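Q: no sequence on this one, just coordinates:
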């Protein structure tokens, strides 16, 4: 009987313990020493339950539950917002793709009209000065243009001219993924990224088609045609004339431009990285802030060209283009150097 009283007294003492660590130790100890039915083991469990679910602890648990619920709701809302953003982006891409498809149809329609009626267009003849590069050892084959060349161009009628100008303005530059070019330029076959600047392949194709069709682009440019940010990466532009065109911020990386004519052309901020501009005319062009890194310009002329802010370099190292980069006959007193 005395033993039973001692057990009861011990059980009451265990049950009255409310400190967290002793309560936990009592539960562990009584589970190890006593049977399930032992009052001391039951008392240890009661003490633990009371310790965990006192009014203060219940309030804390309730607040924790409310906080967790709030975090869960916020997480679900954030997930829904991300899914909605993806849907919106997908819809935007579809809308933009549809818009570009309609513009491609318009471009095709314009050039169908040009091909069918080009012989009926007015013609203009311009005499341009060529470059004689044959005496120099700049290229592996002989390039030669006589001192003067009479070029005949076709003038677009007002209706087609207006459509062409409107279309050039509608082709907006954008960042896009070109995996092959990115891998080649970055030297990393496991890395893909968007183009470093917003570009328009459509503007480049349109301008190139006009030039190759011998369309006079000067009146189109004067009327507001915009071919800036054109993507000419790796294009073959040898022997073509872009006289007076607005192709600022265009990308000519890796392009072949031998014996091309960029007289009076707006090339502000263009990229000429690793392009081949041997024996090319840049006379009177706006080439401010142009990147000449690894650009081949032997035999090219820059008479009256604005080269303020133009630079060359490798990696993060940039050096301003100065008169020391050219032979005397490549520039004249009207060629501009210095900062912007």
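A: Perfect, thanks for sending it. If you're wondering where the values come from, they're calculated on a predicted model, not measured in any experiment.

Q: Can you give me the neighbour number for residue 227?
A: Residue 227 is flanked by 25 other residues according to other Cβ atoms under 10 Å. For glycine as for every other residue, the C-beta is placed from the backbone atoms N, C-alpha and C.

Q: I'd assumed it was in a strand, is it?
A: No - counting by DSSP: H, G, I helix; E, B strand; the rest coil, one finds residue 227 to be coil, located in no strand.

Q: what's it in contact with, if anything?
A: 168, 203-204, 206-207, 245-247, 250 (Cβ atoms under 8 Å, 6 or more residues apart in numbering).

Q: ranges for the strands of the protein?
A: 122-129, 148-155, 311-314, 317-320 (DSSP state E).

Q: Let me have the ones you listed in CSV, extended by distance to residue 216 and mean pLDDT.
A: Below are the strands of the chain laid out as CSV (distance: least, Cβ to Cβ, whole Å; pLDDT from 0 to 100):
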stretch, distance to residue 216, mean pLDDT
strand 122-129, 6, 78
strand 148-155, 4, 76
strand 311-314, 33, 85
strand 317-320, 36, 87
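
Q: Which one, of the ones you listed, ends up nearest to residue 273?
A: Smallest distance to residue 273 across the strands of the chain (Cβ to Cβ): 9.4 Å, for strand 311-314.

Q: Point to the helix or strand of the chain where mean pLDDT is at its lowest.
A: The least trusted helix or strand in the chain, going by mean pLDDT, DSSP states H and E, turns out to be helix 179-186, with a mean of 48.

Q: any low-confidence regions in this protein?
A: 1-2, 53-65, 86-102, 127-150, 176-196, 315 (pLDDT under 70).

Q: Apply 50 and report the result again.
A: For the chain, the stretches flagged by pLDDT under 50 are 135, 137-147, 182-194.

Q: Which one (most neighbours) among the contacts of residue 227?
A: Each of the contacts of residue 227 was scored for neighbours by other Cβ under 10 Å, and residue 250 scores highest at 33 neighbours.

Q: can you pull the contacts of that residue?
A: Counting by Cβ under 8 Å, 6+ apart, residue 250 touches 199, 204, 227-232, 267, 270-271.

Q: Mind putting those residues into JSON lines with distance to residue 277?
A: As requested, the contacts of residue 250 are arranged in JSON lines below (distance: Cβ to Cβ, whole Å):
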{"residue": "199", "distance to residue 277": "19"}
{"residue": "204", "distance to residue 277": "17"}
{"residue": "227", "distance to residue 277": "18"}
{"residue": "228", "distance to residue 277": "19"}
{"residue": "229", "distance to residue 277": "19"}
{"residue": "230", "distance to residue 277": "16"}
{"residue": "231", "distance to residue 277": "18"}
{"residue": "232", "distance to residue 277": "12"}
{"residue": "267", "distance to residue 277": "11"}
{"residue": "270", "distance to residue 277": "11"}
{"residue": "271", "distance to residue 277": "12"}
